[in-house]
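**Q** predicted model and sequence follow; I will ask about them next.
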Amino acid sequence: YDDRRHSREHEREADALGIKYLQNTRYDSREAQRCMDILENIDKAKYADSLDLKACFDHPAYPFKAEWLKEEQTLAFSGDANDDDVFHPDSIQTHPDCPERKRLMESALISFSSETKEKNRQAASHFDSLVRTADFEIIESLYFYDFSAESMYQALQLLRKYSDEPYLEGMVGMNFFKIYQALIDHDMDRQVPLPSPHQEKHFKQFVQFIHKLRTREIAKLDYYFLQGKTSTPEQNEQMLCALALAAKIMEKPDEFEKGKANYKKAFPKGKYAELLGLK
């Protein structure tokens with residue numbers, strides 16, 4: 001507590017100095033306060049809307065089962081209800097509370113109330129492309145570090161924004177395969193966390209759904225999810241790999257071999273070659 005308190009005091013000084021530097025640039029100094037608004041919400045899920053899992057995974061050849069969404073009653077974790085009483089939310093933070101930082105900036109910025117400098121020197125299209133890249137990189141990173149449930153959840157959320165995007169659809173399939181393999185290897189908890197009261201409610205529902213699935217159900221959900229989403233699979237490495245792996249766990253050897261051949265033709269030095277047994 002004491003160490004972090006002193007750290008927060010120094011950060012107040014840093015904010016004041018940062019404002020002085022900003023005032024010597026071509027940017028609008030008042031955007032420093034807007035930065036605090038962003039930081040205030042930085043730990044919250046960016047895409048946290050309710051996911052209609054039935055709409056995501058229902059297929060005529062494999063209808064969605066209502067029982068997958070039934071919540072099971074489990075014992076609460078000890079202390080869950082009183083966690084906020086253990087620490088003040090801001091007590092172990094390295095920086096002061098964002099609204100407080102914003103308030104402290106007011107006096108330094110008051111003389112710049114009529115400032116007409118630019119808020120953003122980048123074209124909107126360029127900024128939007130950076131946002132898209134960052135969103136996709138989060139999914140890739142979560143997949144790489146074996147946070148398969150989080151990676152799939154983010155991909156499904158982003159499909160609401162970028163519909164029919166083969167990369168996102170492929171990553172849903174890639175994560176399904178990882179979860180399938182983890183269930184076979186009795187290593188599920190590493191890929192899919194157990195439901196917890198601390199999770200965002202829609203993500204909690206998602207992990208509850210995943211934990212209800214058996215291996216054969218995962219295989220079918222994966223396979224049929226990808227069917228009909230293959231208009232341009234040759235343009236996306238993740239989709240081609242996901243299609244082949246889905247055929248593998250559905251025990252369709254001819255389709256699996258064809259999928260491997262398609263992948264190798266499109267991506268002879270692809271990063272998933274070893275996963276497909278091509279190395």
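**A** Cool, the structure landed. Numbers count the residues shown, from 1 in each chain.
**Q** which ones are touching the residue nearest to Ile184 when sequence neighbours are not counted?
**A** Closest residue to Ile184 apart from its sequence neighbours, by Cβ to Cβ, 6 or more residues apart in numbering: Thr215 at 6.3 Å. Bear in mind the C-beta positions are built from the backbone N, C-alpha and C, glycine included. Contact analysis of Thr215 by Cβ atoms under 8 Å, 6 or more residues apart in numbering lists Tyr180, Leu183, Ile184, Ile249.
**Q** the last one touches Lys178, doesn't it?
**A** No: using Cβ atoms under 8 Å, Ile249 is not in contact with Lys178; the gap is 11.0 Å.
**Q** so where do the helices sit in the stretch 1-150 of the chain?
**A** Listed in chain order, the helices of the stretch 1-150 of the chain (DSSP state H, counting those that start in this stretch) span 2-23, 31-40, 53-57, 83-86, 98-109, 124-144, 148-159.
**Q** tilt between the second one and helix 98-109?
**A** Helix 31-40 and helix 98-109 are oriented at 180 degrees to each other (axes from the mean of the first three to the mean of the last three Cα atoms, to 10 degrees).
**Q** give the buried residues for helix 31-40.
**A** Neighbour-count burial for helix 31-40 flags Glu31, Ala32, Gln33, Cys35, Met36 (criterion: 16 or more other Cβ atoms under 10 Å).
**Q** ditto for the last one
**A** In terms of neighbour count (16+ other Cβ under 10 Å), helix 148-159 has its buried residues at Ser148, Ala149, Glu150, Ser151, Met152, Tyr153, Gln154, Ala155, Leu156, Gln157, Leu158, Leu159.
**Q** and what of the fifth one?
**A** By neighbour count with 16+ other Cβ under 10 Å, helix 98-109 contains the buried residues Cys98, Arg101, Lys102, Met105, Ala108, Leu109.
**Q** columns distance to Asp128 and pLDDT on top of these, output as JSON lines?
**A** Converted to JSON lines, the buried residues of helix 98-109 look like this (distance: Cβ to Cβ, whole Å; pLDDT from 0 to 100):
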{"residue": "Cys98", "distance to Asp128": "25", "pLDDT": "85"}
{"residue": "Arg101", "distance to Asp128": "28", "pLDDT": "85"}
{"residue": "Lys102", "distance to Asp128": "26", "pLDDT": "86"}
{"residue": "Met105", "distance to Asp128": "28", "pLDDT": "84"}
{"residue": "Ala108", "distance to Asp128": "32", "pLDDT": "75"}
{"residue": "Leu109", "distance to Asp128": "28", "pLDDT": "80"}
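**Q** quick one: which of these is nearest to Lys265?
**A** Using Cβ to Cβ, Cys98 comes nearest to Lys265 of the buried residues of helix 98-109, at 51.4 Å.
**Q** just for the stretch 1-150 of the chain, where's the confidence low?
**A** 1-9, 73-95, 111-115 (pLDDT under 70).
**Q** rewinding a little: so which of the helices of the stretch 1-150 of the chain comes closest to Glu169?
**A** Between these, helix 148-159 lies closest to Glu169; by Cβ to Cβ that is 7.0 Å.
**Q** quick one, what contacts the residue nearest the centre of the chain?
**A** Taking Cα atoms, centre = their mean, the centroid of the chain lies closest to Gln154, which sits 3.7 Å from it. For Gln154, the contact set (Cβ under 8 Å, 6+ apart) comprises Tyr47, Asp135, Ile138, Ile139, Leu142.
**Q** of the residues you listed - the most surrounded one?
**A** Greatest neighbour count in the contacts of Gln154, by other Cβ atoms under 10 Å, goes to Ile139: 26 neighbours.
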